[in-house]
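1. let me see the structure of the following:
(2 chains)
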Amino acid sequence: KAGVTQTPRYLIKTRGQQVTLSCSPISGHRSVSWYQQTPGQGLQFLFEYFSETQRNKGNFPGRFSGRQFSNSRSEMNVSTLELGDSALYLCASSHRTGKSNTGELFFGEGSRLTVL
Amino acid sequence: GESVGLHLPTLSVQEGDNSIINCAYSNSASDYFIWYKQESGKGPQFIIDIRSNMDKRQGQRVTVLLNKTVKHLSLQIAATQPGDSAVYFCAEMGSGQAGTALIFGKGTTLSVSS
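-> Numbers count the residues shown, from 1 in each chain, chains lettered A, B, ... in the order given. Okay, here's the model as predicted:
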């Protein structure tokens, strides 16, 4: 069974640009969540999608957005990039359904974004 | 507010020793806790989880202990191996919260020397 796939793995952007990151969850997983990882702030929750609906959102500005498609694949977008957006963006999928808050999250290897 | 922290940023052990990684959490309403391992260049990998109605849970070479009285979580790794070298994170989820919004601690880097 293929794991969580994230593309691109590495990318470099300049301030003011926008970026779109893609995540393909494990087959059959309907929940996809995104996390930002930086040396200073650690792993921080961005948002979660379940069945094409945003179910939870972390404390990030509106420049960070996402969506989920009917095949459960997800994208996140960051507009008007700032230097502080440089980070590893991790996607995780889960077989969790309904209101359950337990169950393993399977993480991809991340997309490393560098903003110059 | 909610926060999950670790007592030590680094831990160095010899191969074969037992390792104990600690984590303190502040939200007494949290009812689900997970330990993750992250190797260099990879995403976090699930190790073990525990619900608040349990004090201890064992996996293969790993044991998680939960002390709700002092809001403390620990991960014990038996017979530590060089392959266990990684950053270890604890994470929590609040009671009644649906979905997958985990709150992660800052991580402990475990270095195993042979």
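2. I figured A:G108 hits B:Q45, correct?
-> No. When contacts are counted by Cβ atoms under 8 Å, A:G108 is not listed as touching B:Q45 (11.2 Å). From N, CA and C alone the C-beta is placed, and that goes for glycine too.
3. who has more neighbours out of these two?
-> Taking other Cβ atoms under 10 Å in any protein chain shown, A:G108 and B:Q45 do not tie; A:G108 has more neighbours (24 against 15).
4. quick one: residues contacting that one.
-> Going by Cβ atoms under 8 Å, 6 or more residues apart in numbering or on different chains, A:G108 touches A:G3, A:V4, A:T5, A:Q6, A:C23, A:L90, A:C91, A:A92, B:G43.
5. swap the cut-off to 6 Å and go again
-> If a contact means Cβ atoms under 6 Å, 6 or more residues apart in numbering or on different chains, then A:G108 has A:V4, A:Q6, A:C91, B:G43 as its contacts.
6. can you put the residues you listed in TSV and add pLDDT and neighbour count?
-> As requested, the contacts of A:G108 are arranged in TSV below (pLDDT from 0 to 100; neighbours: other Cβ atoms under 10 Å in any protein chain shown):
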residue	pLDDT	neighbour count
A:V4	97	22
A:Q6	98	23
A:C91	97	30
B:G43	95	22
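7. could I get these in CSV, plus columns for secondary structure and distance to A:N56?
-> Output for those, formatted as CSV (DSSP: H, G, I helix; E, B strand; the rest coil; distance: Cβ to Cβ, whole Å):
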residue, secondary structure, distance to A:N56
A:V4, coil, 18
A:Q6, strand, 20
A:C91, strand, 14
B:G43, coil, 19
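8. got TSV for the residues you listed, with distance to B:Q14 too?
-> Shown next, in TSV, are these (distance: Cβ to Cβ, whole Å):
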residue	distance to B:Q14
A:V4	34
A:Q6	36
A:C91	36
B:G43	28
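9. which one of those residues is nearest B:C23?
-> For these, the minimum distance to B:C23 (Cβ to Cβ) is 19.6 Å, reached by B:G43.
10. excluding chain neighbours, what is closest to the closest one?
-> A:F107 (3.3 Å; Cβ to Cβ, 6 or more residues apart in numbering or on different chains).
11. also B:D55?
-> Leaving aside its chain neighbours, B:D55 sits nearest to B:L66 (5.7 Å; criterion: Cβ to Cβ, 6+ apart).
12. ok, and that neighbour, which helix or strand is that part of?
-> strand B:62-67 (DSSP states H and E).
13. tell me the SS of A:S22?
-> strand (DSSP: H, G, I helix; E, B strand; the rest coil).
14. so it is in contact with A:T7, correct?
-> Yes. At 4.9 Å, A:S22 and A:T7 qualify as touching, with contact defined as Cβ atoms under 6 Å.
15. about what we covered before: looking at the contacts of A:G108, which one is closest to A:L116?
-> Nearest to A:L116 among these is A:Q6, at 21.3 Å by Cβ to Cβ.
16. what pairs with that closest one across the strands?
-> Beta bridges link A:Q6 to A:C23, judged by DSSP bridges.
17. spit out the contact partners of it.
-> Counting by Cβ under 6 Å, 6+ apart, A:Q6 makes contact with A:C23, A:C91, A:G108, A:S111.
18. pLDDT weak spots in chain B?
-> Where chain B drops to pLDDT under 70, the residues are B:1-7, B:94-100.
19. how about the strands in it?
-> B:4-6, B:10-14, B:19-25, B:30-38, B:45-51, B:56-58, B:62-67, B:72-77, B:86-94, B:103-104, B:108-113 (DSSP state E).
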